[in-house]
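Undergrad: heads up, no residue letters with this:
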């Protein structure tokens with residue numbers, strides 16, 4: 001094992017049952033659809049756990065939510081046809097592969113604010129972003145999707161607020177199109193598959209009473225403030241789900257617990273906090289945050305470049321786990337975070353530290369350029 005290999009014992013030999021696979025694939029598609037390539041650094045364990053647990057959602061609709069939903073649900077038929085065609089031909093490329101250029105840092109900072117305006121305050125572009133058949137139709141200074149090369153074309157020079165709003169509107173409408181297609185697919189599934197999926201759902205789902213939900217919600221607020229110093233309130237979306245994954249043969253009791261997901265808005269790249277609260281002290285505790293605003297001003301590094309900062313990261317991570325969990329010097333430490341799922345090297349804004357303490361271990365995500373801990377996954381640390 002090289003020093004930057006991660007021991008994935010915590011998720012080794014886990015197989016996702018067939019009846020859950022379609023739901024997970026839909027989640028993956030949504031993740032790949034985002035233009036923010038920094039999402040590829042989300043903690044794999046957290047994503048797996050949340051994807052399996054989150055069968056249902058219970059977001060409370062507010063006036064702005066209804067307003068933007070009304071907009072996407074009532075787009076003109078010709079525009080809906082454009083999105084349907086894009087979906088049919090989508091190869092789910094990410095980042096630079098799907099856009100002619102990345103957003104600049106200042107554009108990302110403005111995009112974060114405008115997404116809140118769009119999703120929470122009902123601020124929309126004056127015009128919808130155009131869909132073009134051929135590159136010859138593209139005019140200078142235009143932001144548009146072109147079918148000929150299956151790319152989103154972003155003009156040189158700083159984008160205006162109107163252009164950024166057109167992009168946000170484009171993403172929202174495409175998300176809606178994928179959701180509609182997913183509903184059709186689910187409706188056409190044969191009865192046997194539906195029955196198997198419902199059986200798996202019934203076996204792992206734990207009903208959460210309104211009293212318990214209130215307690216879990218408050219506890220998650222405290223944890224977010226304790227670990228990140230931020231207060232979330234009722235203007236954020238909050239979803240709470242209980243699951244006994246040990247009812248499935250591939251999971252142990254350490255996976256049983258409650259998934260708590262906080263999101264600042266319905267924007268696909270909105271700031272979020274995701275927590276997995278275990279039912280017992282030996283269970284798996286997960287705390288993570290993400291979203292465009294979290295990574296907007298982060299620098300990315302190759303594995304070779306990151307070596308310059310590794311000692312500082314180790315110091316910060318050790319101080320963090322000692323302050324938050326009372327943990328001393330680990331038996332050993334491993335490092336990683338610079339490989340894609342296929343093993344290809346990638347640049348990353350995050351370095352992963354795996355700290356081992358006897359039979360337990362904790363995985364910590366450290367943002368290099370900010371010198372701060374961004375997420376943890378651990379066993380035997382909840383107490």
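TA: That came through fine. Computed from a prediction, not measured in an experiment: that's the story for all the values here.
Undergrad: quick one: end-to-end length of stretch 328-338, please.
TA: Chord length of stretch 328-338, first to last residue, is 27 Å (CA to CA, to the nearest Å).
Undergrad: that stretch - what's its average pLDDT?
TA: When pLDDT is averaged along stretch 328-338, the result is 91.
Undergrad: buried residues, that stretch. List them.
TA: By 16 or more other CB atoms under 10 Å, the buried positions in stretch 328-338 come out as 330, 333-338. Where C-beta positions appear, they are placed from N, C-alpha and C, glycine not excepted.
Undergrad: same check on stretch 201-216?
TA: Neighbour-count burial for stretch 201-216 [16+ other CB under 10 Å]: 204-205, 208, 213, 216.
Undergrad: just the residues you listed: which are in strands?
TA: residue 205 (DSSP state E).
Undergrad: could you single out the nearest of the buried residues of stretch 201-216 to residue 325?
TA: Residue 325 has its nearest neighbour among the buried residues of stretch 201-216 in residue 216, at 20.3 Å by CB to CB.
Undergrad: residue 363: what secondary structure?
TA: strand (DSSP: H, G, I helix; E, B strand; the rest coil).
Undergrad: pretty sure it sits against residue 374.
TA: No. Between residue 363 and residue 374 there is no contact under CB atoms under 8 Å: 11.6 Å.
Undergrad: that older thread, can I get the buried residues of stretch 328-338 in CSV including distance to residue 172 and secondary structure?
TA: Converted to CSV, those look like this (distance: CB to CB, whole Å; DSSP: H, G, I helix; E, B strand; the rest coil):
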residue, distance to residue 172, secondary structure
330, 44, coil
333, 42, strand
334, 40, strand
335, 38, strand
336, 34, strand
337, 31, coil
338, 32, coil
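Undergrad: got the residues you listed as TSV, with distance to residue 140 columns?
TA: Shown next, in TSV, are these (distance: CB to CB, whole Å):
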residue	distance to residue 140
330	57
333	53
334	51
335	46
336	44
337	40
338	38
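Undergrad: and the strands in the stretch 151-300 of the chain?
TA: Using DSSP state E, counting those that start in this stretch, the strands of the stretch 151-300 of the chain run over 151-153, 205-206, 237-243, 257-263, 272-278, 284-290.
Undergrad: tabulate those (a markdown table), appending distance to residue 70.
TA: What follows is the strands of the stretch 151-300 of the chain, written out as a markdown table (distance: least, CB to CB, whole Å):
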| stretch | distance to residue 70 |
| --- | --- |
| strand 151-153 | 25 |
| strand 205-206 | 31 |
| strand 237-243 | 18 |
| strand 257-263 | 20 |
| strand 272-278 | 24 |
| strand 284-290 | 28 |
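Undergrad: and those strands as JSON lines, adding mean pLDDT and distance to residue 347?
TA: Listed next are those as JSON lines, based on pLDDT from 0 to 100; distance: least, CB to CB, whole Å:
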{"stretch": "strand 151-153", "mean pLDDT": "92", "distance to residue 347": "22"}
{"stretch": "strand 205-206", "mean pLDDT": "86", "distance to residue 347": "40"}
{"stretch": "strand 237-243", "mean pLDDT": "92", "distance to residue 347": "31"}
{"stretch": "strand 257-263", "mean pLDDT": "93", "distance to residue 347": "27"}
{"stretch": "strand 272-278", "mean pLDDT": "93", "distance to residue 347": "23"}
{"stretch": "strand 284-290", "mean pLDDT": "92", "distance to residue 347": "18"}
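Undergrad: quick one, which of these is nearest to residue 228?
TA: strand 284-290 (6.3 Å).
Undergrad: now do that closest one: which elements does it pack against?
TA: Where contact means 3 or more CB pairs under 8 Å, 6 or more residues apart in numbering; DSSP states H and E, strand 284-290 is packed against helix 44-53, helix 210-228, strand 272-278, strand 372-379.
Undergrad: pick the one among the buried residues of stretch 201-216 closest to residue 313.
TA: Looking across the buried residues of stretch 201-216 and measuring by CB to CB, the closest to residue 313 is residue 216, at 31.8 Å.
Undergrad: for residue 88, see how far away the closest one is.
TA: The spacing between residue 216 and residue 88, counted by CB to CB, to the nearest Å, is 41 Å.
Undergrad: ok, residue 72 - contacts?
TA: 172-173, 175-176 (CB atoms under 8 Å, 6 or more residues apart in numbering).
Undergrad: for it, identify the helix or strand it belongs to.
TA: According to DSSP states H and E, residue 72 maps onto helix 63-73.
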